[in-house]
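K.L.:
All I have is the shape, not the residue letters:
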């Protein structure tokens, strides 16, 4: 499954690259991309529990850029 | 300005006021003894804490999270180092300068992101659906295929459909870059994203929003920056190596000379701090993707959709362009190109032919009727017979008219002339006497020749045309357009083989682009380094198979795309060279003791700011 999330207050391009790398390392994530220009994030995963996975993603992002917020619908 | 930017600006102002106060206030005249020395230090420290608080906090938090080498950490170490060396003025000044630079950088990136997004904003806000007796205003996503919508003047067309009522003109500039409004009326296809200019239109929706033209374009352009170019990957890798290397150099610089050569500690630590400030890769990391993003945004404004930064980069390296003929360089429709009468006038010949073909729906008959362009009075035709594979026999005004190919003439024992022109020849005989012939052929698009010469002027070395058409027809087109090579009478699989052969003949970094209409050349589009599909409005297959999609039908748009790619890559290269160059220069000067902390901060944020401004040129 592929989901796209909007990001708020993603301020630095280097952080976006770091976030992308770290998210890719989360078990269960098959692919991820953080688009600094469009301020959005695409996560691909086969997991059944996307919400739990997103909690993990949120944690990883917070470590790199604490101000950045993932907007979950 | 965003909230955080305003906050940052406030801190900068407060800190700057304190800094200037500490700098110019005559402490030694007002205070005496120890106080005259300590009070300015306290003011400097206060100014420092105000301006550096965020950076210090972030640095501490990042260390806790195991993220060491980020710019907050580097700036924190550099400025705390200056304080340790009792150079308070420098610590505040550097931090102030850094924050001002960051503010500029942030603002510039935000602004450019906004302007690019605004440029790509084709998203329709509402759709007026007719449900029962009422007209409801709803989100385009809630409209289903088959429903009827109303589009008022001034509104953006929300969904793809077919006009069932009303006439109007459409502004498609945001979609195709074409500034001449298009007129539209009943039974015509209408594409979402265009703006309805003057009339009220009633449209039957054919596709849900998610599959509409505008949704596909937006998705394509927004995801384009996910496909990274080699320059971007290079920069990411470079940044990952550059920062640790410079930091290690800084440590060595701080320790080795004082320990080994008994040099003064403060001098070398200061130089090491300058290294740390320069070690941030931000200018590069931000300006390269921003340039590509700008280039892609600017291109989409001209009706050129690029599916990824990598394709824009590849296009700039294209030296060989291969064209499909029909539908790409030529219109792909048959038109009467010559009328050669015997005994009668041109108008008469055309009239006889048009009447003879009046009942035929064959494309050739259609083109003759189009050339005739007058109403055909069917009462003048008293008999009509279609002779399959030969032509038609018809009685017009009591005269027996034959119109068809050479075989038809031969079968009726009528002597016909050959024609020196290539194309389909329709011979006409009236009452068993040869009356002349009409030549029907595919016509070259008006801007094809201009496009080929434009490509040559933009550095394309080899232009090749592929076609399934006859050699004679192909050679004539190739000659008229001054193409370098042409391959004719090809089957679809031959096209792939030839493209593969041509790719193997490209040297080194050079790339090959294939331009087609996307209808039956999908395998070739995929095989080429850069597949360009043209006239893609409403054609899903073409959008799917190609790397670059031209919304218009015009070959000259390829020249535009190439120019945008070249410009973007030039700006990317400028930014990489400028940013790395300035940083290396400052590093060299710092090692020799010739650089100040000011230069270092400029090499960090100043360079980033200039690189962003440069990147924004890609939009134009």
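P.N.:
Received, thanks. Since the model is a prediction, treat every value here as computed from it, not as a measurement.
K.L.:
Model confidence for residue B:128, exactly?
P.N.:
With respect to pLDDT, residue B:128 scores 90.
K.L.:
SS state for it?
P.N.:
Here residue B:128 is strand, with the state taken from DSSP: H, G, I helix; E, B strand; the rest coil.
K.L.:
That one: neighbour count?
P.N.:
Residue B:128 has 17 neighbours, counted by other C-beta atoms under 10 Å in any protein chain shown. All C-beta spots, glycine's among them, are computed from the backbone N, C-alpha and C.
K.L.:
Residue B:496 falls within a helix, correct?
P.N.:
Yes: assessed by three-state DSSP, residue B:496 belongs to a helix.
K.L.:
show me the contacts for it.
P.N.:
Applying C-beta atoms under 8 Å, 6 or more residues apart in numbering or on different chains to residue B:496 gives the contacts B:523, B:524, B:527.
K.L.:
which intervals of chain B have sub-threshold pLDDT?
P.N.:
B:1, B:67-69, B:116-121, B:225, B:518-519, B:536-540 (pLDDT under 70).
K.L.:
Equivalent analysis for chain A, please.
P.N.:
A:73.
K.L.:
Looking at it, which helix is longest?
P.N.:
Under DSSP state H, the helix in chain A containing the largest number of residues is helix A:50-64.
K.L.:
who touches that helix?
P.N.:
A:1, A:3, A:5, A:15, A:18-19, A:22-23, A:26, A:28-29, A:32, A:41, A:43, A:45, A:47, A:68, A:70, A:72, B:65-67.
K.L.:
for stretch B:587-607, same thing?
P.N.:
B:71, B:78, B:82, B:90, B:93-94, B:97-98, B:100-102, B:104-105, B:246, B:249, B:253, B:267, B:270-271, B:273-275, B:277-278, B:280, B:282-283, B:578-579, B:582-583, B:585-586.
K.L.:
give me the subset of the residues you listed touching chain A.
P.N.:
Filtering the contacts of stretch B:587-607 for proximity to chain A by C-beta under 8 Å from any C-beta of the partner chain leaves B:71, B:282.
K.L.:
out of the contacts of stretch B:587-607, which are inside helices?
P.N.:
Members of the contacts of stretch B:587-607 lying in helices (criterion: DSSP H): B:71, B:78, B:82, B:90, B:93-94, B:97-98, B:100-102, B:104-105, B:246, B:249, B:253, B:267, B:270-271, B:273-275, B:277-278, B:282-283, B:578-579, B:582-583, B:585-586.
K.L.:
Spell out for me the ChimeraX command that would select the buried members of these.
P.N.:
To isolate the buried ones among the ones in helices among the contacts of stretch B:587-607 in ChimeraX, judged by 16 or more other C-beta atoms under 10 Å in any protein chain shown, type:
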select /B:71,78,82,90,93,94,97,98,100,101,102,104,105,246,249,253,270,271,273,274,275,277,278,282,283,578,579,582,583,586
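K.L.:
just the helices in chain A please.
P.N.:
A:13-24, A:50-64.
K.L.:
quick one on the thing from earlier: kindly reformat the contacts of residue B:496 as a markdown table containing distance to residue B:609 and secondary structure.
P.N.:
Below are these laid out as a markdown table (distance: C-beta to C-beta, whole Å; DSSP: H, G, I helix; E, B strand; the rest coil):
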| residue | distance to residue B:609 | secondary structure |
| --- | --- | --- |
| B:523 | 47 | helix |
| B:524 | 44 | helix |
| B:527 | 43 | helix |
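K.L.:
Just tell me which of the helices of chain A ends up closest to residue B:410.
P.N.:
helix A:13-24 (72.2 Å; C-beta to C-beta).
K.L.:
Tell me how far that closest one lies from the chain's centre.
P.N.:
8 Å (C-alpha atoms, centre = their mean, to the nearest Å).
K.L.:
Check which helices and strands it sits against.
P.N.:
For helix A:13-24, the elements it packs on are strand A:29-35, strand A:40-45, helix A:50-64, helix B:230-261, helix B:282-301, judged by 3 or more C-beta pairs under 8 Å, 6 or more residues apart in numbering or on different chains; DSSP states H and E.
K.L.:
Identify each buried residue in that helix, please.
P.N.:
Applying 16+ other C-beta under 10 Å to helix A:13-24 flags A:13, A:14, A:15, A:16, A:17, A:18, A:19, A:20, A:22, A:23, A:24 as buried.
K.L.:
again, but for stretch B:207-226
P.N.:
Result for stretch B:207-226 [16+ other C-beta under 10 Å]: buried residues B:207-209, B:212-218, B:220-226.
K.L.:
Stretch B:7-23 too?
P.N.:
B:8, B:11, B:12, B:15, B:16, B:18, B:19, B:22.
K.L.:
what about residue 5, how many neighbours?
P.N.:
The chain I'm using is chain A. 18.
K.L.:
Sorry, I should have been clearer: chain B.
P.N.:
Residues lying near residue B:5 (other C-beta under 10 Å) number 15.
K.L.:
show me what contacts it?
P.N.:
Under the contact definition (C-beta under 8 Å, 6+ apart), the residues listed for residue B:5 are B:103, B:106, B:107, B:110.
K.L.:
sorry, back to before: include secondary structure and distance to residue B:489 when you put the buried residues of stretch B:7-23 into TSV, please.
P.N.:
Compiled in TSV, these are given as follows (DSSP: H, G, I helix; E, B strand; the rest coil; distance: C-beta to C-beta, whole Å):
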residue	secondary structure	distance to residue B:489
B:8	helix	68
B:11	helix	74
B:12	helix	72
B:15	helix	77
B:16	helix	76
B:18	helix	82
B:19	helix	79
B:22	helix	85
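K.L.:
Just the closest of these to chain A, please.
P.N.:
The shortest gap between chain A and any of the buried residues of stretch B:7-23 belongs to residue B:8, at 10.8 Å (C-beta to the nearest C-beta).
K.L.:
How about that closest one: what's its closest non-neighbour residue?
P.N.:
Nearest non-adjacent residue to residue B:8, counting by C-beta to C-beta, 6 or more residues apart in numbering or on different chains: residue B:103, 5.3 Å away.
K.L.:
surely that neighbour meets residue B:9?
P.N.:
Yes: counting by C-beta atoms under 8 Å, residue B:9 is a contact partner of residue B:103 at 6.3 Å.
K.L.:
Can you report how many residues neighbour residue 6?
P.N.:
This is for chain A. The local packing of residue A:6 (other C-beta under 10 Å) involves 14 other residues.
K.L.:
looking at chain B here, not the other one
P.N.:
11.
K.L.:
what separates it from residue A:61, distance-wise?
P.N.:
24 Å (C-beta to C-beta, to the nearest Å).
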